[in-house]
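Chemist: Coordinates for the following, if possible.
(3 chains)
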Amino acid sequence: MKWAGLAVVVVLLALPAVLGSYAISVFILIFFYAFLGQTWNIVGGYAGQLSIGHAAFVGIGAYTAAILARDAGITPWLGMFVGGALAALLGAVIGYLGFRFGLRGFYFALLTVAFAEIARIVTLNTETTGGALGLYITFTGNPREFQFPNNRPHYYIALALMLLATGVAAWIERRRFGIYLAAIREDEEASEALGVNTFKYKMMAIVVSAFLTGMGGTFYAFYYLSLQPNTVFGIPLSVEIVIRPIVGGAGTLLGPILGSFLLTPLAELSRSYFATGGWTGVHLIAYGMLLIAVVLFAPQGVYPYLRRLLAWRPRG
Amino acid sequence: MDPTLVGQGLLNGILFGGVYSLMAVGLSLIFGVMRVVNFAHGDMMVWGMYIALLLAERAGLDPYLSFIICAALLFLLGALVQRTLVQPIVDAPHEMQILLMLGVALVLENIALVAFGPDPQRVRSPLTMATLWLGPLFIDMARLATFGVAILLTVLLYLFLFRTHFGKTIRAAADNTYGALVIGTDVNRVYVVAFGIGAACVGAAGALVSAFLPFQPASGLSASVASFNIVIIGGMGSLLGAFLGGLLVSVAESMGAVFLSPSLKEIVSFSLLILILLFRPAGLFGRRMG
Amino acid sequence: MATLLEVKGLSKHFGGLHAVKELTFAVGEGEIVAIIGPNGAGKTTAFALISGFLTPNAGQVSFRGHPIVGRTPHELCALGIARTFQIARPFPRLTILRNVTVGALGRHPDLPTAEARARAVLEEVGLAAKSAQPASGLTLAERKRLELARALATEPILLLLDEVMAGLNATETERFVQLIRAINRRGITILLIEHVMRAVMSLSNRIIVLNYGEQIAEGPPAAVANDPGVIDAYLGEEYVSAAQS
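Modeler: Model prediction:
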């Protein structure tokens, strides 16, 4: 399995040489949303704490890096870590409030939504962030400002991010941290009785997840070069983050990647095909139906089917 | 601070509270009976609004009359959703239910988007322009009518749940599903009706506000979140809590608009939500889930 | 014999209902002590209070001389108190080995070591053959053994067993009795809640009887079986003979 993975990575590294700009942009989105899905996976999949407000972390990372670059001339390569740290801080706050007070399931999910919405409304009404008009980043194409003349470097950065998040998840999975998270997800009380400090590990999960997601926010800001509070803090983005790991298989390493490779091209195609004819939103109807289908027929996502499929392949 | 402004804010808060209450009561009923969180609640409300729009444009019906049709159609939709989608997963982990209803929300919201477009709409009603003066305060006739009808519907719902046989069956099933099964209640039918009624409430609420509140497909998810806020603050599973919570939250938001700024009023309800989640998760009047 | 666990005046009420009232007893090192009583007598509440899942309204609990009221369950586990649940709660999507490994990781953070320890425990309870199976497909008796194995993997000093033999047939019950005896011989002190009288009578050094949250008797099995108050509450003559065997 490891050799197959390596082969895939090599292929992905070589692809930009043969792909056109549009295809590359689709891959960028595949990698980026796989990355976000994987960071979500750490707290939402492995630890089982459903968050529908992860856009909050993206938004904080995005706006922080953008404002630091604009007002203090700090390069986004550094700003990325500051954004990540601030997002981690918010994660710690949400985690502390949620976990210390025993919020689970729906209550915790609503808490995450509440914070994302508050962040959105505050950003909409603050001058520094540009309010409702949003924040625009002037295009310079300067690598030191996390900008490039074409999108190939973005391809590699997005791929690196996806591999980074997957690496972190893989590392966690194999260690006590990951096993404890799985136990917490399965039965929190029973885990406590077995010596698992559930509060500590849930906090670690959300802080790690938030930090990485925040870093992704910086990528978002300097790829799109414009930020609007409703887009970058909104529930629709949180849904985009959540749906790929859910469809692919929450709590598995390949789930978010699988989900992104399945859904992102679909979304992009439908977006570009239908948007011009005033049919925006068709891909979201498909998302909705997919969510319903997954919950009803394949609650573990697509991943178990893939595993079974691969198990049939002759091993050489 | 100008007392007239405060008074006006209080008045408008109370009037709009009727709608919030109706939305919350519908959600609370669904949750109380089935322990299912209807993430598509707000989007069903938006459909109530769009149906009212269609009826006004095609049939010239005033929303203060067509709300009945909206309620009926949403009842059917709710019943259908429950029977086909929710029933199979009534015992599944809550996370799964949330994701399922989120899926339903996405489908409803985006069918509306494709069918009606993203631009905000409003329904014309002769009541929209009429106002009544109460000393220095004015009352929007549309808001007053909405308040009146909303309260009326809530009272009717109360009578149904507490004075009719089937209503009592629903409440019994909500309190003790196992016991209800033991005495032979067709629990599935109860679930379908309860979900239908919940959807009907919010469909009516949608029609009732369509005359003065601009709406668009994207309003769906925020209406859902607003409903959750109210139900949690008032108390999950408590109809009285939902009712009072609606009035409370509406007034609180109104005061937030007056004292802070209109665009920040939602922060008031979110802050209230967080406080309640932390310190009194059962809500002001309710009993806690699970 | 040193006192391992000391419970003094432990009380818990829920609204107007007194679940546990002024519970006072001690458990010595190496003992097997049973708590019995009719349904609703407050036994599981007592366990929840001792294992940190509930906070008492009054009273103290000390373990090895140190007060433990207010500590979280995972802290108590680290101190050496492990408990099983009345209704077995396996981690359904994890393998049996993984289930037990979770318990072992507390004292052995290194995964391979923890897994080795887990395998040893599975061997002891007789589930080793099924280690790779998911925990969701087990029979009742197997679930109970898994529940026990997980708790054992945390290397406890005091083991709280909550109705671990409920629902088992005669053979399975006998097997469990042997298992518990073996665990006790290894030096683990056991406090158990049980309804299966035959097992209680043959295993216990001492029995505490609860009724409506209050202690109505305490002593060796024979004495308790003959206590008129206890017989009045719920024991029958048939069980006296089990204690005398």
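Chemist: Flag the shaky bits of the chain, pLDDT-wise.
Modeler: By default, I'm working from chain A. Where chain A drops to pLDDT under 70, the residues are A:1, A:274-280, A:312-316.
Chemist: Can you look at chain C instead?
Modeler: If you take pLDDT under 70 as the line, chain C has these spans: C:234-245.
Chemist: give me that answer again for 50
Modeler: Chain C contains residues with pLDDT under 50 at C:237.
Chemist: got the residues of chain C near chain A?
Modeler: Contact residues (C-beta under 8 Å from any C-beta of the partner chain) of chain C with chain A: C:51, C:53, C:72-74, C:77-78, C:82-83, C:85, C:89, C:91-94, C:98, C:101-103, C:105-106, C:109, C:111, C:114, C:150-151, C:153-154. From N, CA and C alone the C-beta is placed, and that goes for glycine too.
Chemist: and the residues you listed, which are buried?
Modeler: Buried members of the residues of chain C next to chain A, scored by 16 or more other C-beta atoms under 10 Å in any protein chain shown, are C:51, C:53, C:73-74, C:77, C:82-83, C:85, C:89, C:91, C:94, C:98, C:101-103, C:105-106, C:111, C:114, C:150-151, C:153-154.
Chemist: Among those, which ones are in strands?
Modeler: Among these, DSSP state E puts C:Ala82, C:Arg83 in strands.
Chemist: what's the closest non-adjacent residue to the closest residue to chain C within chain B?
Modeler: Residue nearest to chain C within chain B (C-beta to the nearest C-beta): B:Pro93, separated by 10.8 Å. Excluding its sequence neighbours, the residue lying closest to B:Pro93 (C-beta to C-beta, 6 or more residues apart in numbering or on different chains) is A:Gly105, at 7.6 Å.
Chemist: if I pick whatever residue of chain C ends up closest to chain B, what's in contact with it?
Modeler: Closest approach between chain C and chain B, counting by C-beta to the nearest C-beta: C:Pro92, at 10.8 Å. The contact partners of C:Pro92, taken as C-beta atoms under 8 Å, 6 or more residues apart in numbering or on different chains, are A:Glu186, C:Pro134, C:Ala135, C:Ser136.
Chemist: Most neighbours among those residues, which one is it?
Modeler: Greatest neighbour count in the contacts of C:Pro92, by other C-beta atoms under 10 Å in any protein chain shown, goes to C:Ala135: 25 neighbours.
Chemist: need the contact list for that residue.
Modeler: C:Pro90, C:Phe91, C:Pro92, C:Arg93, C:Leu94, C:Thr95, C:Ile96, C:Asn99, C:Arg143, C:Leu146.
Chemist: a markdown table please, covering the residues you listed and showing distance to B:Ile233.
Modeler: A markdown table is the format used below for these (distance: C-beta to C-beta, whole Å):
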| residue | distance to B:Ile233 |
| --- | --- |
| C:Pro90 | 37 |
| C:Phe91 | 35 |
| C:Pro92 | 35 |
| C:Arg93 | 35 |
| C:Leu94 | 38 |
| C:Thr95 | 43 |
| C:Ile96 | 44 |
| C:Asn99 | 40 |
| C:Arg143 | 41 |
| C:Leu146 | 42 |
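Chemist: For C:Leu161, which three-state class applies?
Modeler: strand (DSSP: H, G, I helix; E, B strand; the rest coil).
Chemist: give me the beta-bridge partners of it?
Modeler: C:Leu192 (DSSP bridges).
Chemist: got the contact list for it?
Modeler: Applying C-beta under 8 Å, 6+ apart to C:Leu161 gives the contacts C:Arg83, C:Thr84, C:Leu148, C:Ala151, C:Ile180, C:Ile190, C:Leu191, C:Leu192, C:Ile193, C:Glu194.
Chemist: In the chain, which helix is the longest?
Modeler: Because you didn't say which chain, this covers chain A. Identified as the longest helix of chain A according to DSSP state H is helix A:198-224.
Chemist: Hmm, no, I was thinking of chain B.
Modeler: helix B:3-34.
Chemist: buried set for that one?
Modeler: The neighbour-count check on helix B:3-34 (16+ other C-beta under 10 Å) flags B:8-9, B:11-13, B:15-34 as buried.
Chemist: And stretch C:197-209, by the same measure?
Modeler: By 16+ other C-beta under 10 Å, the buried positions in stretch C:197-209 come out as C:Met197, C:Arg198, C:Ala199, C:Val200, C:Met201, C:Leu203, C:Ser204, C:Asn205, C:Arg206, C:Ile207, C:Ile208, C:Val209.
Chemist: Which ones among those residues lie within helices?
Modeler: Per DSSP H, these map to helices at C:Met197, C:Arg198, C:Ala199, C:Val200, C:Met201, C:Leu203.
Chemist: Just confirm the last one contacts C:Leu179, I think it does.
Modeler: Think C:Leu203. No - taking C-beta atoms under 8 Å as the definition, C:Leu203 is not a contact partner of C:Leu179, at 10.6 Å.
Chemist: Just the helices from the chain, written as ranges.
Modeler: No chain specified, so I'll use chain A. Along chain A, counting by DSSP H, helices occupy A:2-14, A:21-40, A:55-72, A:76-100, A:105-124, A:152-174, A:176-186, A:188-193, A:198-224, A:229-232, A:235-248, A:255-275, A:282-297, A:303-311.
Chemist: You answered for a different chain; I wanted chain C.
Modeler: Remark: helices assigned in chain C by DSSP H are C:43-50, C:73-79, C:96-104, C:111-125, C:140-153, C:170-185, C:197-203, C:221-226, C:228-233, C:238-244.
Chemist: Quick one: work out the angle between the fifth one and helix C:96-104.
Modeler: So the one you mean is helix C:140-153. Angle, helix C:140-153 to helix C:96-104, by axes from the mean of the first three to the mean of the last three C-alpha atoms, to 10 degrees: 30 degrees.
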